[in-house]
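Peer 1: have a look at this prediction, sequence included:
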Amino acid sequence: MKIDLANLTIAKAHEHLKKGDFTSVELTQAYLDEINKKNSDVNAYLEVFKDALDQAKAADELIKSGKGTLLTGIPCAIKDNILIKGRIASSASKILENYHATYDATVIERLKKEGVVFLGRTNMDEFAMGGSTENSAYGVTRNPHDLERVAGGSSGGSAAAVAMNGALFSLGTDTGGSVRQPASLCGIVGLKATYGAISRYGAMAMAASLNQIAPLARTVTDCETVYNIIRGADAKDSVTITDDTYPKKRIGKKKPVIGVPRHFLSGDGIDKDTMKAFNASMEKYQSMGYEVKEIKLPNISYALMVYYIVMPAEISSDLARFDGVKYGLHIDGKDVIEDYFKTRRTGFGKEVIRRILLGTYVLSSGYYDAYYNRANAVRRMITEDFLKAFEGVDLIATPTAPGPAFKIGEKANDPISMYLEDIFTVTANITGMPAISIPCGTSRKEGKDLPVGLQLTARHGDEKTLFEVGKEFLGE
Ligand code: GLN
């Protein structure tokens, strides 16, 4: 049977594997062929694993023995900051260029149990800092929809891998939008679950109070399938939650009620076609019988500022471990202090250094109260705003990003305009609430129709509503 990768989903591939229409070896080979054709242009993968076909062979055995599950034999791609035992995990940084993981992340352990096929590790902004994958030490990832444009970031490689038909699903990490924004720019689905829903054990630390491992796939159903396997309490990550952590609640009698913070969507920084696609999505929901109403989030305009204080503060501490002694690169100086300076200055890229400096500054004794403490107080106020809004609605809708994929180099030298990419996504990380990005239309730029995403945020622990409403929108 000819495998139609462009229209394949996990659900369909599983049926075919079960019926014997094709084997996992054949499916994996089809992906490897596609990667071979496209990766030199797109640069989604930093490494394609040589044993992918061996993994597929083992999966075929499992399927034959009748022990296969939904994910058995399904080829996937993993972001370069999630540990797979024995393989390189470099976080797209020079400082970890040859670092081999010594254990499996919990999510990897769970995927291995299902018998998935790991095709390779994907490109990203160094240590997940960025929104375009231009901060990778190993070259930019290009958007499969237009090779002159970015794929988004920081999980740009994971999004591009799925969008170029180079994997059926992928994992990324989302600290401020790093899965949802590239999903939006590449025309696929990305889910950032409730904080604590998915174990972070084995994900390289990037702002631990905000970060989550997160799935990307072509359909909402596929995202849900992966989510259901990787989620759940884990003794190795003390912040993980259980199904009972948050109460179940629903306002809408028949359908969930959708709230739109119009006051936050009126600025001229939002691309016109993106807004058009967003408005059309709201009309589509209304025509499907949903109530869509306006809500107020009084402190939402501070969210980006809060994020860009809390996140670097945590980073400056998270990245202290890369000292040239414990992991990766080591450069000799005249004493240990000079070792640190030389190793870190050589091993880290510009954006990483900028954030460590910013973080160290906002945590310094003279400024701690003025910046870090104040940002945390405002973080609580923003969370309160969302909790209050959820007394009247079940979902909050915004565009995922202010525009479609931008040109490579367009924002690279302007950190503030790059940080503005995160304006709609950081709130889910700040509040810990789950949010999904689903493709909702296109924006026309220079004769090309580029994908844009719709972001839906739900109450803590209510991924179910995101899946339900997302599936209704996409029809799968
Ligand atoms: N673009 C955001 C940043 O640069 C998001 C990063 C992330 O989610 N890892 O911080």
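Peer 2: Perfect, I can see it now.

Peer 1: surely Ile423 and Met305 touch.
Peer 2: No: at 10.6 Å, Ile423 does not count as touching Met305 under the criterion of CB atoms under 8 Å. For the C-beta atoms, the positions are set from N, CA and C on the backbone; glycine is no exception.

Peer 1: looking at the two, which is more packed in?
Peer 2: Between Ile423 and Met305, counting by other CB atoms under 10 Å, Ile423 is the more crowded of the two (22 against 15).

Peer 1: give the contact list for the closest residue to that one other than its chain neighbours.
Peer 2: Closest residue to Ile423 apart from its sequence neighbours, by CB to CB, 6 or more residues apart in numbering: Leu304 at 5.4 Å. Neighbouring residues of Leu304 by CB atoms under 8 Å, 6 or more residues apart in numbering: Tyr419, Leu420, Asp422, Ile423, Val426.

Peer 1: out of these, which are close to the ligand?
Peer 2: Filtering the contacts of Leu304 for proximity to the ligand by CB under 6 Å from any ligand atom leaves Asp422.

Peer 1: which two in the contacts of Leu304 are spaced the farthest apart?
Peer 2: The span of those, defined through CB to CB, is set by Leu420 and Val426 at 10.6 Å.

Peer 1: more neighbours: which of the two?
Peer 2: Shown here are Leu420 and Val426; by other CB under 10 Å, Val426 has more neighbours (24 against 18).

Peer 1: any idea how far the more buried one is from Arg380?
Peer 2: 15 Å (CB to CB, to the nearest Å).

Peer 1: repeat for Tyr201
Peer 2: Counting by CB to CB, the gap from Tyr201 to Arg380 is 27 Å.

Peer 1: so which of these two has more stuff around it?
Peer 2: A side-by-side neighbour count of Tyr201 and Arg380, using other CB under 10 Å, places Tyr201 first with 20 against 13.

Peer 1: can you pull the contacts of the residue lying closest to that one once chain neighbours are set aside?
Peer 2: Among residues not flanking Tyr201 along the chain, Lys236 sits closest, at 4.0 Å (CB to CB, 6+ apart). Residues near Lys236 by CB under 8 Å, 6+ apart: Thr106, Ser199, Tyr201.

Peer 1: so the last one touches Ala235, yeah?
Peer 2: Okay, so that is Tyr201. No: using CB under 8 Å, Tyr201 is not in contact with Ala235, being 9.0 Å away.

Peer 1: residue in this structure with the shortest distance to the ligand?
Peer 2: The ligand sits closest to Ser178 of the chain, with a gap of 2.9 Å, by CB to the nearest ligand atom.

Peer 1: make sure that residue is indeed in a strand.
Peer 2: No: under DSSP: H, G, I helix; E, B strand; the rest coil, Ser178 falls outside any strand and is assigned coil.

Peer 1: now name the helix or strand holding the nearest residue in space to it that is not next to it in sequence.
Peer 2: With sequence-adjacent residues excluded and distances taken as CB to CB, 6+ apart, Ser178 is closest to Ser154, at 4.2 Å. Taking DSSP states H and E as the definition, one finds Ser154 inside no helix or strand.

Peer 1: pretty sure Ser154 sits against Asp125.
Peer 2: Yes: assessed by CB under 8 Å, Ser154 is found in contact with Asp125 at 3.7 Å.

Peer 1: got any residues that touch both of these two?
Peer 2: Common neighbours of Ser154 and Asp125 (CB under 8 Å, 6+ apart) are Gly131, Thr133, Asn135, Ser178.

Peer 1: so what's the third one up against?
Peer 2: Contacts here follow CB under 8 Å, 6+ apart; on that basis Asn135 touches Ala92, Asp125, Glu126, Met129, Gly153, Ser154, Gly349, Lys350, Glu351, Val352.

Peer 1: if any of the residues you listed are buried, put those into a PyMOL selection.
Peer 2: Provided next is the PyMOL selection string for whichever of those are buried by 16 or more other CB atoms under 10 Å:
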select buried, resi 92+125+126+129+153+154+349+351+352
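
Peer 1: okay if I get the contacts of Asn135 as JSON lines plus pLDDT and distance to Pro247?
Peer 2: Below are the contacts of Asn135 laid out as JSON lines (pLDDT from 0 to 100; distance: CB to CB, whole Å):
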{"residue": "Ala92", "pLDDT": "98", "distance to Pro247": "40"}
{"residue": "Asp125", "pLDDT": "98", "distance to Pro247": "36"}
{"residue": "Glu126", "pLDDT": "98", "distance to Pro247": "40"}
{"residue": "Met129", "pLDDT": "98", "distance to Pro247": "35"}
{"residue": "Gly153", "pLDDT": "97", "distance to Pro247": "35"}
{"residue": "Ser154", "pLDDT": "98", "distance to Pro247": "33"}
{"residue": "Gly349", "pLDDT": "97", "distance to Pro247": "43"}
{"residue": "Lys350", "pLDDT": "95", "distance to Pro247": "45"}
{"residue": "Glu351", "pLDDT": "96", "distance to Pro247": "40"}
{"residue": "Val352", "pLDDT": "97", "distance to Pro247": "40"}
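
Peer 1: any weak-confidence spans in the protein?
Peer 2: The model of the chain has no residue with pLDDT under 70.

Peer 1: would you mind naming what in the stretch 51-200 of the chain lies close to the ligand?
Peer 2: Residues of the stretch 51-200 of the chain lying near the ligand by CB under 6 Å from any ligand atom: Ala128, Met129, Gly130, Gly131, Ser154, Thr173, Asp174, Thr175, Gly176, Gly177, Ser178.

Peer 1: right, I'll call it a day here.
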